[in-house]
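Student: Got a sequence here, can you model it:
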Amino acid sequence: MRGRLALRAAAGAAWASQRAGRGKGSMIGGLIALQIDPTIMTQLGRGRRTVLVTGTNGKSTTTRMTAAALAALGPVATQADGANMDAGIVAALSAHRGAPVAAIEVDELHLPHVSDALNPAAVVLLNLSRDQLDRVGEINMIERKLRAGMARHPDAVLIANCDDVLITSIAYDHPNVVWVAAGSGWAMDASSCPRSGEPIVWEGEPSGTAGGGADGVGRHWRSTGADFQRPEPDWWVDEEHLYGPDGVKLPLHLALPGRANRGNAAQAVAAAVALGVSPETAADATATVREIAGRYRTVRVGERSARLLLAKNPAGWQEALSMIDPAATGLVIAVNGQVPDGEDLSWLWDVRFEHFEGTQVVAAGERATDLAVRLTYAGVEHTTVPNPLRAIASCPPGQVEVLANYTAFRDLNRDLEGQA
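Tutor: Modelled structure (predicted):
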């Protein structure tokens, strides 16, 4: 009875929000439902087979790919907008009450209690690296919390990235793990073993592919202070194919760019297969994902074709920078420092900004000056135009790459909609 009342109140609040022009109202609806009945998430999760997706980077993309693959089993409850905390999760489950399966994106800090509420069939563990220290805290603390949280769910299948030291530590003792060589282009936050504190030793050269090539070997790592090393993967990718158990070898041609997205797709396929989808169907489904909440889309701005990329932390920025097309005539880098971004921008000094020969670089966003200082020290010639839309317009006609952090990306999309 309390749950039904909570859902009716949530629907009313969502309707009122829409009528007032304040958005879709899903978040306020979820918040009200939780206030009326704190157990509503558990009630909405009953009778579903749920896949949870978490990590510092790639959650929204992998969730979208997982949902596309799980569609072979029937309607899928999922978030379209990346709202990955309790209210957003409740809203997504409430909006798809009849769906037999769910693919739910979860903030790292929320994963333990969301897992307790939803008792997932599978959990996708992507990667862990420093994010907003003021909100998230030290990364080793997060690893320990997630390890303890997953230990409470021995029947869940963990789809874990064995190329990430911290993710491997979360899943290492779990009885039900599918290891995926999804790649890890960022090792600065895992230089010491999360179990012993001793150094991690990396052996072999980076292969340039997410999973280490056709043999799946990749770049091996091991702890010098504990019996802890990179597991052998069950799934891996190279530049053309996805490889899996029992000799599976499938073409994997994605619409989304970058090595990281090939790793994301491998984990999405592994999760869908764990729930009963065929590898061929799951792999084909990941290739249908073309944009996620505006990310990767291309828009016209006058005589310029602007492709929009999002990055939110040092690891994400480094990966996004590797996606920049060197043939682009312009590159706009937009940085804000609002609460959702993290107000401390010292992380800019951890990102390896490169020289972009032949490309006009523009520093933009509310913190354009901070970014301009960093680019100057990196030896990158640039101009400074704080307004991102005007920064795009300042570039030569042709292809412009736009790389923005969270609120800069959000505000730019709003401005683009306003000029349409």
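Student: how about Q399, secondary structure?
Tutor: At Q399 the chain is in strand, as set by DSSP: H, G, I helix; E, B strand; the rest coil.
Student: oh, I was asking about G183
Tutor: Three-state assignment for G183 (three-state DSSP): coil.
Student: thought it was touching G263?
Tutor: Yes - here G183 reaches G263: they are 4.3 Å apart, a contact under C-beta atoms under 8 Å. Every residue, glycine included, has its C-beta placed from N, CA and C.
Student: what is the rounded mean pLDDT of the strand or helix carrying G30?
Tutor: Using DSSP states H and E, G30 sits in helix 26-36. The predicted model gives helix 26-36 an average pLDDT of 77.
Student: what's the answer for stretch 109-122, then?
Tutor: Per-residue pLDDT values across stretch 109-122 average out to 97.
Student: Not counting its own residues, what contacts the helix holding G30?
Tutor: For helix 26-36, the surrounding residues in contact (C-beta atoms under 8 Å, 6 or more residues apart in numbering) are 2, 5-7, 9-11, 13-14, 17, 40-41, 81, 83, 86-92, 94-95.
Student: Give me the buried positions along it.
Tutor: Counting neighbours by 16 or more other C-beta atoms under 10 Å, one finds that the buried residues in helix 26-36 are S26, M27, I28, G29, G30, L31, I32, A33, L34, I36.
Student: give me the low-pLDDT residue ranges for this structure?
Tutor: Across the chain, the ranges flagged by pLDDT under 70 are 10, 12-26, 132-137, 205-218, 420.
Student: OK, contacts around the most centrally placed residue in it?
Tutor: With distances taken as C-alpha atoms, centre = their mean, G58 lies nearest the centre of the chain, 1.9 Å away. Residues in contact with G58, defined by C-beta under 8 Å, 6+ apart, are L126, N127, A260, N261, G263, N264.
Student: switch the cut-off to 7 Å
Tutor: L126, N127, A260, N264 (C-beta atoms under 7 Å, 6 or more residues apart in numbering).
Student: What distance do you get for the third one to V351?
Tutor: Right, A260. Here the criterion is C-beta to C-beta, to the nearest Å. By it, A260 lies 15 Å from V351.
Student: Check the first one too.
Tutor: When C-beta to C-beta is applied, the distance between L126 and V351 equals 20 Å.
Student: what's the answer for the second one, then?
Tutor: N127 sits at a distance of 16 Å from V351 (criterion: C-beta to C-beta).
Student: can you list the buried residues of helix 26-36 in a markdown table and add distance to A372?
Tutor: Shown next, in a markdown table, are the buried residues of helix 26-36 (distance: C-beta to C-beta, whole Å):
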| residue | distance to A372 |
| --- | --- |
| S26 | 38 |
| M27 | 35 |
| I28 | 38 |
| G29 | 42 |
| G30 | 39 |
| L31 | 39 |
| I32 | 43 |
| A33 | 45 |
| L34 | 43 |
| I36 | 49 |
